[in-house]
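Asks: Structure of the sequence below:
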Amino acid sequence: RDLKHQLAAQYVQVARHEEALQILFLIVQADLTDNESKQLLLDVIKSLPDGDALAGKYRRKLYTLMY
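Replies: Model prediction:
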């Protein structure tokens, strides 16, 4: 999991947000109790500009998963 977090962080550094979101979402999907990964996923979503389609897509996926 830590390696996946590092990879996601590297993707964010080079503006490959979709790849980072995919990795983090899969981690959260596999373990809904993983609050660290959930927070990282939300942080990446928040780092995207307001109204960004990618942010909306992953926000919806996360909310659907959680509720």
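
Asks: Just give the closest residue to the most centrally placed residue in the chain, not the sequence neighbours.
Replies: The residue lying closest to the centre of the chain (Cα atoms, centre = their mean) is residue 41, at 2.9 Å. In space, residue 41 comes closest to residue 24 once its chain neighbours are excluded; the distance is 4.1 Å by Cβ to Cβ, 6 or more residues apart in numbering. C-beta coordinates here come from the backbone N, C-alpha and C atoms, glycine included.

Asks: Report the separation between the one you found and residue 34.
Replies: According to Cβ to Cβ, to the nearest Å, residue 24 stands 10 Å off from residue 34.

Asks: Give me the secondary structure label for residue 15.
Replies: Per DSSP: H, G, I helix; E, B strand; the rest coil, the local secondary structure of residue 15 is coil.

Asks: Give me the phi and psi for it.
Replies: When quoted as degrees, to the nearest 10, the phi and psi of residue 15 stand at phi 60, psi 30.

Asks: Residue 50 now?
Replies: According to degrees, to the nearest 10, residue 50 has phi -60, psi 140.
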